[in-house]
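>>> Pasting a predicted model and its sequence here:
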Amino acid sequence: AVASSSLRRRKNQPPGSLGLPVVGHTLALLRALRSNAAEDWLRRRAAAYGPVSTISLFGRPTAFLAGASCNKLLFSSDKLAAMSSASFLRMVGRRNIREVAGDDHRRVRAMMARFLRLDAVKNYVSAMDDEVRRHLRAEWGGRAAVAVMPSMKSLTFDVMCTVLFGLERRGDHAAVRRELSSEFQQLVRGIWAVPVNLPFTTFGKCLAASRRGRRAVARIVEERRRASGGSAGDLVTHMLAEGMDEEEIIDNVVFLMVAAHDTTAVLLTFLLRHLDGNRAAYERVAAEQEAIAAQRRRRGGSGSALTWDDLAGMRYTWAAAMETLRMVPPTFANMRKAVADVEVGGYVIPKGWQVITAATMTHLDPAIFPDPGRFEPARFEAAAAKSAPPPFSYVPFGGGARACPGNEFARAETLVAMHYIVTGFRWRLAAGCDGGFSRHPLPCPNQGLLLDIEPKEYNELC
Ligand code: HEM
C-alpha cells in the first residue's frame with residue numbers, strides 16, 4: 001500500500017523534468033539571468049508546462065509556480081517554509097530571520113519592526129536627508145559623469161549604518177563602515193553562486209568576505225555590550241537588551257545589511273534609468289520635486305531638511321518608483337521549502353521540494369498590466385486605484401507573514417534621495433552606455449549605469 005501511494009504521489013507531481021544530473025537547470029537559469037533573459041526562460045517553461053512545473057535548481061527538485069494565485073500560495077501556505085540558497089545560508093548564518101519559524105520568527109521580526117515601522121521611519125527623515133546631501137556633494141558634485149549603481153550602493157549603505165546601527169561617520173566607526181561596505185559588496189555577489197569553497201571560486205571569495213564582515217560586526221557587538229546601560233537607540237544595543245546571543249545578533253545584522261541596502265540601491269538606479277528614457281514622466285517628477293524644494297526654502301532656507309509631510313507630497317515620484325519595481329523587481333525569485341506535501345492546480349508538490357516563484361511572471365503579464373513593457377507611473381497613481389492590480393499580482397515586497405518589513409524605510413530613503421538628485425542635477429545616459437543590465441541575481445546595469453550629469457542652476461549641493 002505504501003509503495004502504491006508513493007507511486008500515485010509521483011504520478012501527480014507537476015509536469016516538467018529534472019534536467020541534467022546534478023546541475024539540473026541551475027546553469028541554464030544562471031546563464032539566462034546573466035544575459036537578462038531569465039523572464040523569457042521562465043515564461044517558456046510556463047508556456048510549455050503550465051503554471052505549476054518541475055525543474056531542478058541547486059541540486060534539488062523544485063516546483064516552479066507562475067501567476068497571482070501561486071504567489072498567494074507561496075506567501076501564505078503554512079506548508080511552505082522560507083528558505084535561502086545554500087550559499088546565502090553559509091555566508092549569512094543559520095539563525096537569521098529568514099531561517100527561523102513560528103514564535104522565533106515572530107520574536108525577531110517584532111524586534112526589527114520596532115526600528116522599521118512607520119512611526120520609527122518618520123524619525124529617520126532628517127538623518128537620511130543629511131546622509132543624502134553629504135553623499136551627493138562628495139560623489140556627484142563637480143563631476144561630469146557618475147556610475148549610478150556603485151554610488152547608490154554606497155549611499156544606501158551609509159544611510160543604513162547611520163540610521164539603524166548608529167555607526168558614526170567619524171572616528172573609529174569610519175574605518176568599520178569602510179570595511180563593512182567593501183566586504184558586503186563582495187558577499188552579495190555570492191548569493192546564488194554554486195557553493196564550491198575554493199580560493200578562486202566566486203563562492204570561496206564571497207565566503208571569505210563574509211567571514212571578515214562577520215568579524216567586524218562582532219567587534220560592534222562587543223563595543224555595544226561594553227557600553228551597555230545606554231539607551232537602545234540602535235538595533236544592536238536593542239538586540240543585546242532583548243537577550244539575543246552573539247551568533248543570533250551577527251546573523252541578523254549580516255542579513256539586514258544585505259537586505260537593506262542593495263535592494264534600495266537597485267530601485268534608485270533603475271528609477272533614474274527609466275526617467276531618462278521617459279521624458280514626460282521625468283518632467284512630472286521634476287515639477288513635483290521643484291515645488292517641494294520651493295516650500296522647503298520658504299520654510300527655512302536651503303539648509304532646512306525634508307520632513308515627513310514633504311515625503312507624503314511626493315506621490316507621483318513614488319508612483320514612478322512603484323512602476324520601476326514592477327518592471328525591474330530587485331528580488332528576482334522568492335523561494336520556499338515544502339515542509340509537507342502541497343496540493344496545487346491538481347498536482348502534489350512532495351515534502352522536501354523547493355518551491356520558487358518570480359515576481360515578473362505577474363508584473364509583466366499583459367492581462368494584468370496592459371502593455372507591460374511601457375513605463376507608466378500613472379498605473380500606480382491614486383486615480384488608478386479603481387483598477388488596482390488583483391491581490392498578489394504586484395509583489396516587489398513579497399506578501400504574507402514574510403512580507404518585507406523594510407518597505408517604509410525603502411520608500412523614505414528613495415524619496416529623500418530622489419528629491420536631491422532631481423532638484424540638484426540633470427542627467428542623460430552617457431555615450432557608450434547602453435542602459436542594459438544582467439542579474440546576479442540582483443539586477444546589475446552595464447557599466448554601473450554611467451550617466452552624464454550637470455548641476456542645475458539653483459543647486460544647494462555644489
Ligand atoms: C526596494 C527595496 C526592497 C525590496 C524590493 C525588498 C524586497 C523584499 C522581499 C521580496 C522580501 C520577502 C522575501 C520572501 O518572502 O521570500 C523581503 C524580506 C525582507 N526584507 Fe526587504 N526589500 C527592500 C528593502 C528592505 C529594507 C530597506 C530593509 C530593512 C531596512 C529590508 C528588510 C527585510 C527583511 C528583514 C526581510 C525578511 C522578512 C521575514 O522573513 O520576515 N528590506 N524584502
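Thanks, I have it.

>>> mind listing what's buried in stretch 292-310?
Within stretch 292-310, the residues scored as buried using 16 or more other Cβ atoms under 10 Å are 292-293, 296, 305-307, 310. Glycine gets a C-beta too; all of them are placed from N, C-alpha and C.

>>> Ok, stretch 97-106 next?
Neighbour-count burial for stretch 97-106 flags 97-100, 105 (criterion: 16+ other Cβ under 10 Å).

>>> near the ligand, from those?
Subset of the buried residues of stretch 97-106 in contact with the ligand: 97-98, counting by Cβ under 6 Å from any ligand atom.

>>> Including distance to Pro329, pLDDT and secondary structure, could the buried residues of stretch 97-106 go into JSON lines?
Below are the buried residues of stretch 97-106 laid out as JSON lines (distance: Cβ to Cβ, whole Å; pLDDT from 0 to 100; DSSP: H, G, I helix; E, B strand; the rest coil):
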{"residue": "Ile97", "distance to Pro329": "20", "pLDDT": "95", "secondary structure": "coil"}
{"residue": "Arg98", "distance to Pro329": "18", "pLDDT": "92", "secondary structure": "coil"}
{"residue": "Glu99", "distance to Pro329": "22", "pLDDT": "91", "secondary structure": "coil"}
{"residue": "Val100", "distance to Pro329": "25", "pLDDT": "93", "secondary structure": "coil"}
{"residue": "His105", "distance to Pro329": "23", "pLDDT": "95", "secondary structure": "helix"}
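
>>> Could you list which of the buried residues of stretch 292-310 also contact the ligand?
Checked against the ligand using Cβ under 6 Å from any ligand atom, the buried residues of stretch 292-310 give no members in range.

>>> From those residues, which land in helices?
Counting by DSSP state H, those place 292-293, 296, 310 in helices.

>>> so who does the closest residue to the ligand within the stretch 301-450 of the chain touch?
With Cβ to the nearest ligand atom, the shortest gap between the stretch 301-450 of the chain and the ligand falls at Gly406, namely 2.1 Å. By Cβ atoms under 8 Å, 6 or more residues apart in numbering, the contact set of Gly406 is 116, 259-260, 263.

>>> Select from the residues you listed the one having the most neighbours.
For the contacts of Gly406, the largest neighbour count, defined by other Cβ atoms under 10 Å, is 24 neighbours, found at Ala260.

>>> element containing that one?
helix 246-277 (DSSP states H and E).

>>> In the stretch 101-250 of the chain, what residue spans correspond to strands?
Along the stretch 101-250 of the chain, counting by DSSP state E, counting those that start in this stretch, strands occupy 145-147.

>>> Contact distance from the ligand - what residues of it qualify?
Residues of the stretch 101-250 of the chain lying near the ligand (Cβ under 6 Å from any ligand atom): 109, 112, 116.

>>> Now render those residues as JSON lines, adding pLDDT.
Below are those laid out as JSON lines (pLDDT from 0 to 100):
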{"residue": "Arg109", "pLDDT": "96"}
{"residue": "Met112", "pLDDT": "95"}
{"residue": "Leu116", "pLDDT": "95"}
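
>>> export the residues you listed to TSV and tack on distance to Val348?
Below are these laid out as TSV (distance: Cβ to Cβ, whole Å):
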residue	distance to Val348
Arg109	30
Met112	35
Leu116	37
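
>>> Find the residue ranges of the stretch 251-400 of the chain scoring beneath the pLDDT cut-off.
In the predicted model of the stretch 251-400 of the chain, residues 302, 383-386 satisfy pLDDT under 70.

>>> can you give me the helices in it?
Assigned helices in the stretch 251-400 of the chain, in chain order: 279-300, 308-312, 315-327, 360-363 (criterion: DSSP state H, counting those that start in this stretch).

>>> hang on, Gln13 packs against Pro350?
Yes: the criterion here is Cβ atoms under 8 Å, and Gln13 meets it with Pro350 at 6.7 Å.

>>> Take the helices of the stretch 251-400 of the chain and write them to CSV, including distance to Ala63.
Shown next, in CSV, are these (distance: least, Cβ to Cβ, whole Å):
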stretch, distance to Ala63
helix 279-300, 38
helix 308-312, 40
helix 315-327, 25
helix 360-363, 14
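
>>> between those helices, which gets nearest to Gly233?
helix 308-312 (19.1 Å; Cβ to Cβ).

>>> list the helices and strands that closest one packs on?
Using 3 or more Cβ pairs under 8 Å, 6 or more residues apart in numbering; DSSP states H and E, the elements in contact with helix 308-312 are helix 279-300, helix 407-424.

>>> Distance from the chain centre to it, please.
23 Å (Cα atoms, centre = their mean, to the nearest Å).

>>> who touches Leu187 in this structure?
Here Leu187 is in contact with 91, 206, 209-210, 213, 254, 258 (Cβ under 8 Å, 6+ apart).

>>> What of Arg273?
Contacts of Arg273 (Cβ under 8 Å, 6+ apart): 148, 429, 435, 445, 449.

>>> By pLDDT, rank those and give me the bottom one.
Lowest pLDDT within those is found at Gly435 (87).

>>> right, and it touches Leu275 too?
No: using Cβ under 8 Å, Gly435 makes no contact with Leu275, being 11.9 Å away.

>>> The two: which is more packed in?
Under the neighbour definition other Cβ under 10 Å, Gly435 and Leu275 were set side by side, and Leu275 has more, 25 against 17.

>>> Next, count neighbours for the residue nearest to the more buried one when sequence neighbours are not counted.
The shortest distance from Leu275 to any residue other than its chain neighbours is 4.3 Å, reached at Tyr282 (Cβ to Cβ, 6 or more residues apart in numbering). Tyr282: 18 surrounding residues under other Cβ under 10 Å.

>>> For the stretch 101-250 of the chain, which residue gets nearest to the ligand?
The minimum distance from the stretch 101-250 of the chain to the ligand, using Cβ to the nearest ligand atom, falls at Arg109 (4.9 Å).

>>> check contacts around that residue.
Residues near Arg109 by Cβ under 8 Å, 6+ apart: 97, 405.

>>> hmm, 6 Å instead?
Going by Cβ atoms under 6 Å, 6 or more residues apart in numbering, Arg109 touches no other residue.

>>> returning to that earlier point: any idea of the angle the helix holding Ala260 forms with helix 407-424?
Counting by axes from the mean of the first three to the mean of the last three Cα atoms, to 10 degrees, helix 246-277 lies at 40 degrees to helix 407-424.

>>> and the angle from helix 246-277 to helix 315-327?
Orientation check (the same axes, to 10 degrees): helix 246-277 against helix 315-327 gives 110 degrees.

>>> For helix 246-277, could you pull out the residues that count as buried?
Neighbour counts over helix 246-277 (16+ other Cβ under 10 Å) mark 248-276 as buried.

>>> now stretch 285-294
285-286, 288-289, 292-293.

>>> right, and Leu311 touches Thr414 too?
No: counting by Cβ atoms under 6 Å, Leu311 stays clear of Thr414, with 9.6 Å between them.

>>> Distance-wise, check Gly93 relative to the ligand.
In this view, Gly93 and the ligand are 14 Å apart by Cβ to the nearest ligand atom, to the nearest Å.

>>> List the residues that contact that residue.
So Gly93 contacts Asp251 (Cβ under 6 Å, 6+ apart).
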